[in-house]
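Novice: got a structure for you, letters missing:
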Ligand SMILES: Nc1ncnc2c1ncn2[C@@H]1O[C@H](COP(=O)(O)OP(=O)(O)OP(=O)(O)O)[C@@H](O)[C@H]1O
Ligand SMILES: O=C(O)C1=C[C@@H](O)[C@@H](O)[C@H](O)C1
Ligand SMILES: [Mg+2]
């Protein structure tokens, strides 16, 4: 089985993915990390030096590669991965994949992203909490349609990482 974690920037895909993989004794794969490693550049460097479209093409390329060749992995996507090209079809049409949307509220995303925005090129330039709240609200609304196609949704607000992992495991039984 391949477990795919979907959700907005800051929803916890990478953090939860690492812990979930440990419990299941699966390999952990972070799509952002795969792209950065193969390009030999950080995500902000890829955006600034090569542009977002280049990044999106790489995202689809490595997503296809990983879900067609690997088993027993927890795959944490980038926040935008489900929303470009036919990426969500690739995920949902693969019988080995079980997908989870980590659903996090705007205030919680704001708290997490305000202190970590420098590593996220889409929001690193936003200079007030008010503007970031507005950006997240609009962007999340547009993206929810894609995220909601996942097999399962898990609300993450007010939950510890271990609780979220537990809830995912319960849905896998
Ligand atoms: N359940 C949680 N409770 C509190 N903090 C959390 C929780 N889940 C994640 N975090 C924190 O939120 C921040 C963002 O998490 P993470 O980097 O895993 O998000 P992501 O979904 O992978 O984001 P991106 O799409 O940008 O890669 C981290 O500092 C992480 O420690
Ligand atoms: O939400 C997004 O579009 C992104 C999220 C990150 O995981 C990275 O993939 C990149 O910063 C873009
Ligand atoms: Mg991540």
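Specialist: Received the coordinates, thanks. From a predicted model like this one, the values you see are computed outputs, not experimental measurements. Ligands and ions are numbered 1, 2, ... in the order given.
Novice: Run through this protein and note the low-pLDDT ranges.
Specialist: The chain contains no residues with pLDDT under 70.
Novice: which parts of the protein sit against ligand 2?
Specialist: 9, 32, 43, 78-80, 120-122 (Cβ under 6 Å from any ligand atom). Yep, even glycine has a C-beta here, placed from its N, CA and C like the rest.
Novice: Find the pair from those with maximum spatial separation.
Specialist: Within the residues of the chain next to ligand 2, 32 and 122 form the most distant pair, 12.5 Å apart (Cβ to Cβ).
Novice: neighbour-wise, which of these two wins?
Specialist: residue 32 (22 against 16; other Cβ atoms under 10 Å).
Novice: so that one makes contact with residue 44?
Specialist: No: the criterion here is Cβ atoms under 8 Å, and residue 32 misses it with residue 44 at 10.9 Å.
Novice: near ligand 1 at all, stretch 61-73?
Specialist: No: remark: stretch 61-73 sits outside contact range of ligand 1, by Cβ under 6 Å from any ligand atom, the gap being at least 13.9 Å.
Novice: Report how many residues lie close to residue 82.
Specialist: Residue 82 has 26 nearby residues by other Cβ under 10 Å.
Novice: one step back: so which of the residues of the chain next to ligand 2 is the most crowded?
Specialist: residue 78 (25 neighbours).
Novice: quick one: contacts for residue 81?
Specialist: Contact analysis of residue 81 by Cβ atoms under 8 Å, 6 or more residues apart in numbering lists 6, 31, 59, 63, 87.
Novice: do that again at 10 Å, thanks
Specialist: Counting by Cβ atoms under 10 Å, 6 or more residues apart in numbering, residue 81 makes contact with 4, 6, 13, 31-32, 56, 59-60, 62-63, 75, 87-88, 90-91, 146.
Novice: Also residue 92?
Specialist: Contacts for residue 92 (Cβ under 10 Å, 6+ apart) come out as 4, 82, 86, 99, 149-151.
Novice: Is residue 99 bridged to anything, and to what?
Specialist: residue 4 (DSSP bridges).
Novice: what's around the residue of the chain found nearest ligand 1, how many residues?
Specialist: In the chain, the residue that lies nearest ligand 1 is residue 12 (2.9 Å; Cβ to the nearest ligand atom). Residue 12 has 22 neighbours, counted by other Cβ under 10 Å.
Novice: ok, how many other residues are close to the nearest residue to residue 74 once chain neighbours are set aside?
Specialist: Nearest in space to residue 74, with sequence neighbours left out and distances taken as Cβ to Cβ, 6 or more residues apart in numbering, is residue 21 at 4.1 Å. If you count neighbours by other Cβ under 10 Å, residue 21 ends up with 20.
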